[in-house]
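Engineer: only geometry, no sequence info:
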């Protein structure tokens, strides 16, 4: 589903997940290197590292799969 | 002391770091960017109010669900799960799935074929302008009031959880919604709802995952709840983790309800009324590009709706099992909001039921994840508010302005009216939020009022669709009598609380149980009055009912598709999954 022009709603979702994932993943890595004084419950599982990583990977997949260039190419081949 | 004022001195539950703020600010920037980008796509009435009727099944289906996933829904039902146990999951299972499948497979063809812009619009085609005026005015009025109440409640939560100023929360979130809906209309609302759907899951899913790890899986969770509630001397502690086995009697479960109320009051009337006739959600499905997409959209919504208890009900149950006072180490017992937010409650450091989700969020989520969790709550609020505002705008423009005030309005003037309505709707909502801030009891009354209209409306619409003998006079009087009986029963119990044993069949009935039975009775009143009046008044000729009523509506031949693209196939899959869930959590 196009948002307009050659941008898909799934592209926006990809960007959102990728940016959030990158920020959370980066924060997780920083906390691994510099453990905080006040730790959340189950801190030892380092949820921000793997959850941030999952969001980043999903976000990159959506962003690339529905990138404007790829969508333009697909539209051109359909027309 | 007014609870709202008392809360201004409440210590906050969590503290955001700069990383969390980056995530929240990025979210606001993105939703505004989508609204700006879509401005050029909303020039005609069909574009602005119906998103051009070109949504795919996935987009319409996720928006259909997201418009219902408000932050109050998330926090309120997590709180209800803490209060009532897994019985709260019925609002996501039998209180949603059968109705969504019924909408998809039975009602959608009529809505889609008659090309109505709204549910009141269907009533006009089927029963005439009397029923349309009654339902559109009540819907428009209640929608903006509910929007304001949700706005206030969200601002209060932001105050309690984050320490944010109530005025700033109200202004920033409502003005953002106003801008992106006024610019891009329903298309903008829908696309942002899909984005918000993903953010809600991304922000909330980690709580049940980590909670189950800490509790030792579902078996460990059940054992901990049983142990904790036994320690607190709670009656029937085992009932908190069984969805059906305690519904044989009113006194065996924490809600004070039996299976008749759940199956018929909730499953057959309230949920059918909400999911099939509340224009806030139905509008999303009406925007689907073709009949197959329109039928698939509610089925996709139903599949995800079944899973929502994982991010809403489970955190409530985890709160029962795991939350302990950080200072004493003893069990933390959450209490009703009015007690928690009273001066005495604050002095004792009490927390309300609705705070269970933010408490669990603060328990597991450090910097970054916390920002995403808070973004999920904000996204929930904004998707709900955008749903209210866009539905109000459409009903006002087509069913009140276009039908009663200016019958010759051009398409261009309707779009202009729609944009102004969005602004005015948000301003009225803000006004309602401040009204509620100064008179808290209004909130309870308006929320009850909203439920008065849904059940009888379902009676009117379903008889209109399935029974060609139903007459225009019967449509109006049935709806009117059903609504009046609901208000009457509510007032009766308010004036004489002992009347609950007649209305809800048990003096043990809690608020939710009363709502279920009141809905059931007022739906029956609506149906009986509609049938009786129909039998003594003149029906419309068949020629005027084409495309509106079962038996007189040729369903267009759907394209030949494989089994995996068939709405019926996926409807059966969802129904089987629904039954399996009931057996697992019996």
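Structural biologist: Structure's in. What do you need? Remember, it's a predicted structure, so these values are computed and weren't measured experimentally. Numbering: from 1, shown residues only, chains lettered A, B, ... in the order given.
Engineer: contact residues of the stretch 51-200 of chain B facing chain A?
Structural biologist: Residues of the stretch 51-200 of chain B lying close to chain A (C-beta under 8 Å from any C-beta of the partner chain) are B:54-56, B:58-59, B:191, B:194-195, B:198-199. Any C-beta I mention is one placed from the backbone N, CA and C, and that applies to glycine too.
Engineer: same list, those residues, but as TSV with neighbour count please.
Structural biologist: TSV is the format used below for those (neighbours: other C-beta atoms under 10 Å in any protein chain shown):
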residue	neighbour count
B:54	18
B:55	30
B:56	17
B:58	16
B:59	26
B:191	29
B:194	24
B:195	25
B:198	24
B:199	27
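Engineer: tell me which of the residues you listed fall in helices.
Structural biologist: B:58-59, B:191, B:194-195, B:198-199 (DSSP state H).
Engineer: show me the shaky parts of the chain.
Structural biologist: Using chain A here. A:1-6, A:79 (pLDDT under 70).
Engineer: actually, chain B is the one I wanted.
Structural biologist: Checking chain B against pLDDT under 70 turns up B:1-11, B:70-72, B:439-451, B:512, B:557-558.
Engineer: now residue 17: closest residue in space, sequence neighbours ignored.
Structural biologist: I went with chain A, as the question did not name one. residue A:59 (3.2 Å; C-beta to C-beta, 6 or more residues apart in numbering or on different chains).
Engineer: not quite, go with chain B.
Structural biologist: residue B:367 (4.1 Å).
Engineer: returning to what we had before: now the two most distant members of the ones in helices among the residues of the stretch 51-200 of chain B next to chain A.
Structural biologist: B:58 and B:199 (16.6 Å; C-beta to C-beta).
Engineer: which helix or strand contains the residue nearest to residue A:17?
Structural biologist: helix A:47-65 (DSSP states H and E).
Engineer: show me what counts as buried in the following helix or strand past that helix.
Structural biologist: The element immediately downstream of helix A:47-65 (helix or strand, assigned by DSSP H and E) is helix A:68-78. With burial defined by 16 or more other C-beta atoms under 10 Å in any protein chain shown, the residues of helix A:68-78 counted as buried are residue A:71.
Engineer: what packs against helix A:68-78?
Structural biologist: strand A:7-8 (3 or more C-beta pairs under 8 Å, 6 or more residues apart in numbering or on different chains; DSSP states H and E).
Engineer: packing partners of the strand it packs on?
Structural biologist: Looks like strand A:7-8 contacts helix A:68-78 (3+ C-beta pairs under 8 Å, 6+ apart).
Engineer: chain center to the helix it packs on, what's the gap?
Structural biologist: 22 Å (C-alpha atoms, centre = their mean, to the nearest Å).
Engineer: what's around the residue nearest to residue B:266 when sequence neighbours are not counted, how many residues?
Structural biologist: What sits nearest to residue B:266 in space, not counting adjacent residues and going by C-beta to C-beta, 6+ apart, is residue B:95, at 4.6 Å. For residue B:95, the neighbour count with other C-beta atoms under 10 Å in any protein chain shown is 22.
Engineer: following the one helix or strand residue B:177 maps to, which helix or strand shows up next?
Structural biologist: Assigned by DSSP H and E, residue B:177 falls within helix B:166-204. Next helix or strand after helix B:166-204 toward the C-terminus (DSSP H and E): helix B:206-215.
Engineer: pull the residues that contact that next one.
Structural biologist: For helix B:206-215, contacts defined as C-beta atoms under 8 Å, 6 or more residues apart in numbering or on different chains pick out A:41-42, A:45, A:47, A:51, B:218, B:221, B:224, B:310-311, B:314-315, B:318, B:321-322, B:357, B:360-361, B:364-365, B:369, B:373.
Engineer: can you check stretch A:38-55 too?
Structural biologist: A:17-18, A:20-29, A:31-32, A:35-36, B:202, B:206, B:210, B:213-214, B:362-369.
Engineer: buried subset of the residues you listed as a ChimeraX selection?
Structural biologist: Only the buried entries of the contacts of stretch A:38-55 go into this ChimeraX selection, using 16+ other C-beta under 10 Å:
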select /A:17,18,20,21,22,23,24,25,26,27,28,31 /B:202,206,210,214,362,363,364,365,366,367,368,369
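Engineer: so which of the contacts of stretch A:38-55 are in helices?
Structural biologist: Per DSSP H, the contacts of stretch A:38-55 map to helices at A:17-18, A:20-29, A:31-32, B:202, B:206, B:210, B:213-214, B:362-364, B:369.
Engineer: count of neighbours near residue 48?
Structural biologist: In the absence of a named chain, chain A is used. 29.
Engineer: correction: the question concerned chain B.
Structural biologist: Neighbour tally, residue B:48, other C-beta under 10 Å: 30.
Engineer: with adjacent residues omitted, what lies nearest to it?
Structural biologist: Here the residue nearest residue B:48, using C-beta to C-beta, 6+ apart, is residue B:185, at 3.5 Å.
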